[in-house]
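>>> Need a 3D model of the sequence below.
(one chain, ligands or ions: 1)
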Amino acid sequence: MPPSTAAAPALAATEKPAVVCESVVRIHRHGSIEVQALQGLDLSVERGEMIAVVGPSGAGKSTLLSILAGSDAPSAGRVHVDGWDLGALSTAGRVRYRRGVVGVVRQQTSRNLVAHLTAEENVAMPAALGGTSRKVRRTRSAELLDRLGVGDCARRLPHEMSGGQQQRVALAVALANGPSVLLADEPTGELDTTTAHEILGALRTVSREDGITVVVVTHDATVSDSVERTVAIRDGRTSSEVLRTFSDDGAGGSHVVAQEYAVMDRAGRVQIPREYREALELTRRVRLALEADHVSLWPDGER
Ligand code: ADP
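Alright, predicted model coming up:
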């Protein structure tokens, strides 16, 4: 049962990854023109994991985020977030999902906040829509702003804060209703490197301390190089993933080991990176062989 009529999520939320996308397709139609923004995308994000999503312009990143945010719907495929089936949301279910399950932070700091409300009022607003009393809202807003290091900005309007402070307040707004998934679209795009590091640190803290699943779409290597998993999207599909392990280098810094993986879809399709194809002149047909612990692949007609 989808949560279209019920108050509870459709699946036993604790047993599943927080985000599951299977063969997700999103087609935009304008008259006779059809654009396939997502073409069978698979993605799974564990509860409490923080991942970065990267990819060239037009790859489908924003479309994916809009679908996860509940502001767009897949044309086909399966999308489950925290047990909610996003392909089967009723209008009321969509409102509940967007208010209570996901929080969103956007790139443009100015678009995240209501210009004529103070930081505290901005943070209190989502809870007000959820029916929480004014006193509780005030206390919670103050706590969240303090926690994100912008308690001193509580009475300031957005234009009275720096870009970094505005993004911290935006993060507080996104967290106000206690979401289980936080979606951030280029959250450091308008910030200098130092401030970007601070926002990234704040995202990581909420992910670790509150067990919130965080999906960050980014072009910023500061962000993508510092998470344990970066998923690359190309032509509307997940094409590769980089997994990183961070360890103490013994000199106060950290040592990073990064390993790139190709992503295999449910039908067994793997995208071979262009540089590999070019280096070995792999074209239409390749030869495969199953070995004891790996698969070998040769150009057509030679060993
Ligand atoms: P990215 O965020 O990776 O730049 P998008 O998700 O914005 O990619 O877009 C993916 C593809 O879908 C692009 O070809 C884009 O032009 C197209 N697209 C996105 N939104 C719409 C829309 N509302 N109508 C038509 N085409 C769209």
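>>> and residue 178, that one's in a helix?
No. Counting by DSSP: H, G, I helix; E, B strand; the rest coil, residue 178 is not part of a helix but coil.
>>> Against residue 211, how distant is it?
To residue 211, residue 178 is 11 Å away according to C-beta to C-beta, to the nearest Å. Every residue, glycine included, has its C-beta placed from N, CA and C.
>>> Next: residue 22.
Relative to residue 211, residue 22 is positioned 24 Å away (C-beta to C-beta).
>>> Show me which of the two is the more surrounded one.
Shown here are residue 22 and residue 211; by other C-beta atoms under 10 Å, residue 22 has more neighbours (16 against 12).
>>> Which residue, neighbours along the chain excluded, lies closest to the more buried one?
Excluding its sequence neighbours, the residue lying closest to residue 22 (C-beta to C-beta, 6 or more residues apart in numbering) is residue 78, at 4.3 Å.
>>> ok, now how distant is that neighbour from residue 295?
Separation of residue 78 from residue 295 (C-beta to C-beta): 28 Å.
>>> Pick out whichever of those two has more residues nearby.
Just comparing residue 78 and residue 295: by other C-beta under 10 Å the higher neighbour count belongs to residue 78, 15 against 9.
>>> wait, is the more buried one part of a strand?
Yes. Looking at residue 78 with three-state DSSP, it is inside a strand.
>>> pLDDT at it, what is it?
pLDDT recorded at residue 78 is 95.
>>> and if you look at residue 36?
Residue 36 is given a pLDDT of 94.
>>> which residue packs closest to it, ignoring adjacent ones?
Using C-beta to C-beta, 6+ apart and skipping residues adjacent in sequence, the residue nearest residue 36 is residue 27, 5.4 Å away.
>>> Run a quick check on the one you found versus residue 34, I expect a contact.
Yes. Residue 27 is in contact with residue 34 according to C-beta atoms under 8 Å; the separation is 5.8 Å.
>>> neighbour count winner among those two?
residue 27 (14 against 9).
>>> and the helix or strand containing the more buried one, which residues are buried?
Residue 27 belongs to strand 19-30 when assigned by DSSP states H and E. The neighbour-count check on strand 19-30 (16 or more other C-beta atoms under 10 Å) flags 19-24, 26 as buried.
>>> Which one of these is nearest to residue 248?
Using C-beta to C-beta, residue 19 comes nearest to residue 248 of the buried residues of strand 19-30, at 30.0 Å.
>>> Poorly predicted segments of the stretch 101-250 of the chain, please.
For the stretch 101-250 of the chain, the stretches flagged by pLDDT under 70 are 109, 130-131.
>>> all helices in it, in order from the N-terminus.
109-112, 119-129, 134-147, 163-175, 193-210, 221-224 (DSSP state H, counting those that start in this stretch).
>>> So which of those is nearest the ligand?
Among the helices of the stretch 101-250 of the chain, helix 221-224 comes nearest to the ligand, with 13.9 Å by C-beta to the nearest ligand atom.
>>> Quick check: which helices or strands does that closest one pack against?
Applying 3 or more C-beta pairs under 8 Å, 6 or more residues apart in numbering; DSSP states H and E, one finds that helix 221-224 contacts strand 50-54, helix 193-210.
>>> again, 10 Å this time
Here helix 221-224 touches strand 50-54, helix 193-210, strand 213-217, strand 229-234, going by 3 or more C-beta pairs under 10 Å, 6 or more residues apart in numbering; DSSP states H and E.
>>> Could you list the buried residues of it?
Quick answer for helix 221-224 (16+ other C-beta under 10 Å): 223-224.
>>> Next, give phi and psi for residue 294.
Main-chain dihedrals, residue 294, degrees, to the nearest 10: phi -160, psi 170.
>>> Residue numbering should commence at 10 henceforth.
Yep, numbering from 10; the last one is residue 303 now.
>>> Number of residues surrounding it?
Residue 303 sits with 8 neighbouring residues when counted by other C-beta under 10 Å.
>>> With residue 278 instead?
Per other C-beta under 10 Å, the neighbour tally for residue 278 reads 11.
>>> check contacts around it.
Contact analysis of residue 278 by C-beta atoms under 10 Å, 6 or more residues apart in numbering lists 49, 246, 271-272.
>>> For the buried ones among these, write the corresponding ChimeraX selection.
Per 16+ other C-beta under 10 Å, the buried members of the contacts of residue 278 correspond to this ChimeraX selection:
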select :49,246,272
